[in-house]
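Q: Sequence and predicted structure are below.
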Amino acid sequence: MKKKLNILVIGSGAREHAICWSLSRAKKTNELFCIPGNAGISQIAKCKEIDPNDKKDILNFCKEKKIDLVVIGPEEYLANGLSDFLIKNKINTFGPSKKASKLESSKSFAKKFLIKNKIPTPVHKEFKSFIEAKRFLKKSKFPLVIKADGLASGKGVIICQKLSEGVSTLDEILKKKKFGDAGKKIIIEEFIEGYEISFFAFFDKKSFLPLGYALDHKKAYENDIGPNTGGMGCFTPSRLVNKRLVEKIYQNIVKKTFHGLKKDKIIYRGIIFFGLMIKNNMPFVIEYNVRFGDPECQTLLRDLKTDLLDIFLATTEDSLSRIKISKYNMKIVCVVLASLGYPENYKKNKLLNNLNKAKKQKNIEIFHAGTKLVKNKFYSNGGRVLSVTAKSTTIESARKIAYKTIKIINWKSGFFRKDIGIKNK
Ligand code: AMP
Ligand code: GLY
């Protein structure tokens, strides 16, 4: 039997809490650490305040704690080359290289990759010049989508309904530099009318392994209105997603992505999150992400039976082909509790009173995002605060359990969407 392993998870969201929760149940886990973590994570892993952009500090921590595997959650650190740096220093790491991360950190790179590999994606054009982009808009049909090329904390995609909106968006990005260097280049893309799913697959040098999909709710308020957020809730599975669609995603998107990476000699060891728009049962890639989604991760990991650590290790050892994904085949609903005012201005340091009672509910896991502990009490410390995930035999009953738990939490300084899982119908 292989020795037990010390593991370090990087990140501080509910996604990383779910990863730690899953790893804390894995057979081969010895000590579990998280940098920087949050109050929820600190209940199951040892948290340490280190800036993950400080690669040397991370490496020193790995050496001191004899870390056998690092799992990197957020895209920022992947795009910053943390995985490359740790691997070069002989620390086994789950998460793609800086080069492979360009699938997310440059929309222009991703588009070129998609087109070269004949992967279905909306028609687009790239611009650096305001004048040329404006000229193009004048002869285009609306709605259309304008995207900043680089990472913009989920805010770099703007759907424009008419020419005046398009021109003011160009002005904000290309002239006023709203997104700084991330907006030096833009993509103008065809608007696809349909519904969105987040599809996930693990990749290593030799093979890939689909994990599943979830439906996210990106808008802040019910009926998909209000500003875009990181995600206000998720569910899986959906009646909308049939076997034929999953087969198309597998053949036309996941498989072609794997072969495309191989052709370009890009070694990808990690997970790919395919942001897909589905129109007439046909999937189109609207974005690649080089990480788990949040709250998709909290949703999918609750149904995963296979040992997550085994999957991570197989990914880093190029032996994914030996892993079979097995699931409980339950229905999962995840509702995000956010601070009032999120995603714009919100207050922190608000007491969360009833968490201990709430987490005793059956079939519930509460994953923390922006929380901190002060004198043994939980306080809010960010925009998205909790991911309340419920598991049941139907989406409807999972919804009931999740919302009952939120009622118990009874947090007056927060809000949540009441319609998570409704669009399953
Ligand atoms: P992203 O930040 O890339 O996830 O995009 C934000 C949101 O914009 C997505 O979740 C979609 O709802 C929407 N979106 C992006 N690209 C398109 C497109 N080509 N057609 C329709 N909606 C899109
Ligand atoms: N929930 C969408 C994301 O993680 O980007």
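A: Received the coordinates, thanks. Ligands and ions are numbered 1, 2, ... in the order given.

Q: so how far is Val388 from Gly40?
A: 12 Å (CB to CB, to the nearest Å). Every residue, glycine included, has its C-beta placed from N, CA and C.

Q: Overlap in contacts, those two.
A: Both Gly40 and Val388 are contacted by Ile366, under the criterion CB atoms under 8 Å, 6 or more residues apart in numbering.

Q: Show me where the stretch 51-200 of the chain has its helices.
A: Taking DSSP state H, counting those that start in this stretch as the test, the helices found in the stretch 51-200 of the chain are 55-64, 75-79, 82-88, 102-105, 107-116, 130-138, 163-170.

Q: I should have written the stretch 201-350 of the chain there, sorry.
A: Counting by DSSP H, counting those that start in this stretch, the helices of the stretch 201-350 of the chain are 243-248, 255-263, 296-300, 308-316.

Q: mind checking which of those helices is nearest ligand 2?
A: Minimum separation from ligand 2 across the helices of the stretch 201-350 of the chain (CB to the nearest ligand atom) falls at helix 296-300, 5.7 Å.

Q: Adding mean pLDDT, distance to ligand 2 and mean neighbour count as columns, could you present the helices of the stretch 201-350 of the chain in a markdown table?
A: Formatted as a markdown table, the helices of the stretch 201-350 of the chain follow (pLDDT from 0 to 100; distance: least, CB to the nearest ligand atom, whole Å; neighbours: other CB atoms under 10 Å):
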| stretch | mean pLDDT | distance to ligand 2 | mean neighbour count |
| --- | --- | --- | --- |
| helix 243-248 | 97 | 20 | 13 |
| helix 255-263 | 98 | 17 | 16 |
| helix 296-300 | 98 | 6 | 29 |
| helix 308-316 | 98 | 18 | 21 |
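
Q: Between these, which one is closest to Ile408.
A: Comparison of these against Ile408 by CB to CB identifies helix 296-300 as nearest, at 18.5 Å.

Q: Now do the contacts for Ile267.
A: Ile267 touches 97, 100, 205, 261, counting by CB under 8 Å, 6+ apart.

Q: Just send the residues you listed back as a markdown table, with distance to ligand 1 too.
A: Formatted as a markdown table, the contacts of Ile267 follow (distance: CB to the nearest ligand atom, whole Å):
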| residue | distance to ligand 1 |
| --- | --- |
| Ser97 | 22 |
| Ala100 | 18 |
| Lys205 | 27 |
| Leu261 | 20 |
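
Q: Show me which of these are buried.
A: With burial judged by 16 or more other CB atoms under 10 Å, the buried subset of those is 97, 100, 261.

Q: Among the contacts of Ile267, which one sits closest to ligand 2?
A: Distances from ligand 2 to the contacts of Ile267, taken by CB to the nearest ligand atom, are shortest for Ala100, at 17.3 Å.

Q: wait, what's in contact with the closest one?
A: 261, 266-268, 270, 290.

Q: Would you mind listing what in this structure touches ligand 2?
A: Within reach of ligand 2 by CB under 6 Å from any ligand atom, the chain has these residues: 216, 230-231, 289, 293-294, 296.
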